[in-house]
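S.K.: Here is a sequence with its predicted model. Questions after.
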Amino acid sequence: MDLSHIFTEQQLGNKSDAIPLRLVAPTPLRIPESDIVTFVKVETIKDVIDADPKAVMLFDDTQEELLSVVCEHPNVMGFNCLVLAGLPTAEYSAQFDSRTYMLERVSYASFINDLVERKRVAAALADESKTAYAKEREQYTRGNGHVKELRGTSIAGAKPLPGEPDSEEDAEASE
């Protein structure tokens with residue numbers, strides 16, 4: 001996930017020269033479960049350095065100084081910070097706001113909606129680029145590459161004899 005799409009080119013200047021962006025937020029009471037965004041609870045500077053560039057870094061009230069260092073020194077850290085505002089069950093305390101007052105803010109709801117929309121559009125574009133043959137083939141091919149087939153049925157659709165499996169899946173299950 002490239003967070004640079006949040007800003008326009010006028011605000012960032014040349015995107016190739018821009019420092020990467022990372023999201024920070026206060027630690028919520030319950031970390032949201034999401035397959036789109038990952039969250040990293042920061043305890044030490046090592047957690048900041050080892051954090052995935054796509055993860056939201058969560059800072060507790062006890063890491064105010066560390067948050068201040070991370071936010072105020074982007075050239076040393078190698079990235080700029082953005083505040084993820086509106087994270088459910090997170091308390092944006094006065095201490096957190098005083099350390100991050102100079103940072104841009106991104107709404108959690110609009111950020112998640114943007115990521116979901118990007119994922120949907122990418123899937124639609126991938127589906128659109130498939131040929132008619134590939135779409136038809138997906139209907140009769142399993143994920144492991146085997147062709148779906150029914151065993152033990154006649155052309156007229158007669159049911160199999162007792163003890164005979166209905167399909168390849170039943171045969172695999174009975175083995």
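M.R.: Nice, I can see it. Numbering: from 1, shown residues only.
S.K.: CA only for contacts and neighbour counts going forward, please
M.R.: OK.
S.K.: What's the mean pLDDT across the biggest helix by length in the chain?
M.R.: The helix of greatest length in the chain, counted in residues with DSSP state H as the criterion, is given as helix 108-128. Averaging pLDDT along helix 108-128 gives 89.
S.K.: which parts of it are buried?
M.R.: By 16 or more other Cα atoms under 10 Å, the buried positions in helix 108-128 come out as Phe111.
S.K.: What's the first helix or strand after it?
M.R.: Reading on from helix 108-128 to the C-terminus, the next helix or strand found by DSSP states H and E is helix 132-140.
S.K.: what angle separates that next one from helix 108-128?
M.R.: Relative orientation of helix 132-140 and helix 108-128, computed by axes from the mean of the first three to the mean of the last three Cα atoms, to 10 degrees: 110 degrees.
S.K.: So which bits of helix 132-140 are buried?
M.R.: Counting neighbours, the buried set in helix 132-140 is empty (16+ other Cα under 10 Å).
S.K.: next one: it to chain centre, how far?
M.R.: 28 Å (Cα atoms, centre = their mean, to the nearest Å).
S.K.: Same check on stretch 123-141?
M.R.: Here the centre of mass of C-alpha atoms in stretch 123-141, compared against the chain's by Cα atoms, centre = their mean, lies 24 Å away.
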